[in-house]
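Participant: structure here, sequence nowhere to be found:
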């Protein structure tokens, strides 16, 4: 009998991944009440503003100065999948597009040849906390698609299939499961290739709940990240919270939690190409990385059409998307 758990690793803020994924950032911020200007109603004294990752009082400003988040920054050669479970994100980019999404929505961005974007986290409630919980997953692109035109899709939470059975809820961001088909990823994504078997599934187990993770192709990598709850049983192996487990993909495996648990599953056929990464660029060679820096310095990947590096999109807590043209 094949053991379903091949390896276990502790989880921090940035989770280790296997090809075709590059990493997964897990943001969990207990933001306080807002100040009426979409920032926190709290002193920022003692924080390293512009580079605040210390988690003081359970939250970060990241690179933001008034509103938490990530002001304009470039990417090339890969994709970001941003899944906001709680809270809100304001997107703006060098294509002239902007969006506000959150509370279960997903943004899937193919950086391709190069894009500049910002991701800010507006805080709305002035009389209550503003918790933020999101995952940003970096998915690699094969060499043939690293220089495609940039593109992004909004996968609204209402359109994501949720499979409910035996005290389990499985939200499908990508990857068919039991006949349930989530929205299509961007056209040049590795996940759009019919034999890539890319899956991103969020699994929530009630106390006493269970779910049988079906076998996949033997050629894929499959990692489960147990990020919340008490002990999770994976087959005969017990896994504590904040633990990643590399799974044998070719066997069915039962997941069960006596007291409830949440986990994220990333799966995909490896691209199997060299990875050269420096900061916001992911290519195949160091020469291509140096070219990416040179291109960005020369062209700014189209420039920045917004009046601020950290644009936010008004006081109305409402989803929207504006694309040029």
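Facilitator: Yes, it's here. Keep in mind that what you see is a predicted model, and the values were worked out from it rather than measured.

Participant: count of neighbours near residue 289?
Facilitator: 19 (other Cβ atoms under 10 Å). Where you see a C-beta, it was placed from the backbone N, CA and C, and this is true even at glycine.

Participant: with residue 309 as the reference, measure out to it.
Facilitator: Plainly put, residue 289 is 24 Å away from residue 309 if you go by Cβ to Cβ, to the nearest Å.

Participant: residue 33 too?
Facilitator: To residue 309, residue 33 is 25 Å away according to Cβ to Cβ.

Participant: now do the same contact list for the residue lying closest to residue 33 once chain neighbours are set aside.
Facilitator: Computed as Cβ to Cβ, 6 or more residues apart in numbering, the closest residue to residue 33 that is not its neighbour in sequence is residue 41, at 4.9 Å. Contacts for residue 41 were tallied using Cβ atoms under 8 Å, 6 or more residues apart in numbering; they are 32-35, 126.

Participant: same question for residue 182.
Facilitator: 155, 159-161, 172-176.

Participant: can I get those in a markdown table with distance to residue 103 and neighbour count?
Facilitator: Formatted as a markdown table, the contacts of residue 182 follow (distance: Cβ to Cβ, whole Å; neighbours: other Cβ atoms under 10 Å):
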| residue | distance to residue 103 | neighbour count |
| --- | --- | --- |
| 155 | 13 | 23 |
| 159 | 14 | 11 |
| 160 | 12 | 19 |
| 161 | 17 | 16 |
| 172 | 17 | 21 |
| 173 | 15 | 25 |
| 174 | 19 | 25 |
| 175 | 22 | 21 |
| 176 | 24 | 12 |
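
Participant: point out where the stretch 201-325 of the chain drops to low pLDDT.
Facilitator: 325 (pLDDT under 70).

Participant: let's see it at 50
Facilitator: Of all residues in the stretch 201-325 of the chain, none has pLDDT under 50.

Participant: and the helices in it, which stretches?
Facilitator: With DSSP state H, counting those that start in this stretch as the criterion, the stretch 201-325 of the chain has helices at 286-299.

Participant: if we can go back for a sec, most surrounded residue in the contacts of residue 41?
Facilitator: Among these, residue 34 has the most neighbours (other Cβ under 10 Å), with 22 neighbours.

Participant: how many residues are close by the residue lying closest to that one once chain neighbours are set aside?
Facilitator: Spatial nearest neighbour of residue 34, excluding adjacent residues (Cβ to Cβ, 6+ apart): residue 123 at 3.8 Å. Neighbour count for residue 123, taken as other Cβ under 10 Å: 27.

Participant: with the one 5 residues further on instead?
Facilitator: Residue 128 is surrounded by 10 other residues when neighbours are defined as other Cβ under 10 Å.

Participant: go on, residue 37?
Facilitator: Around residue 37 there are 14 residues (other Cβ under 10 Å).
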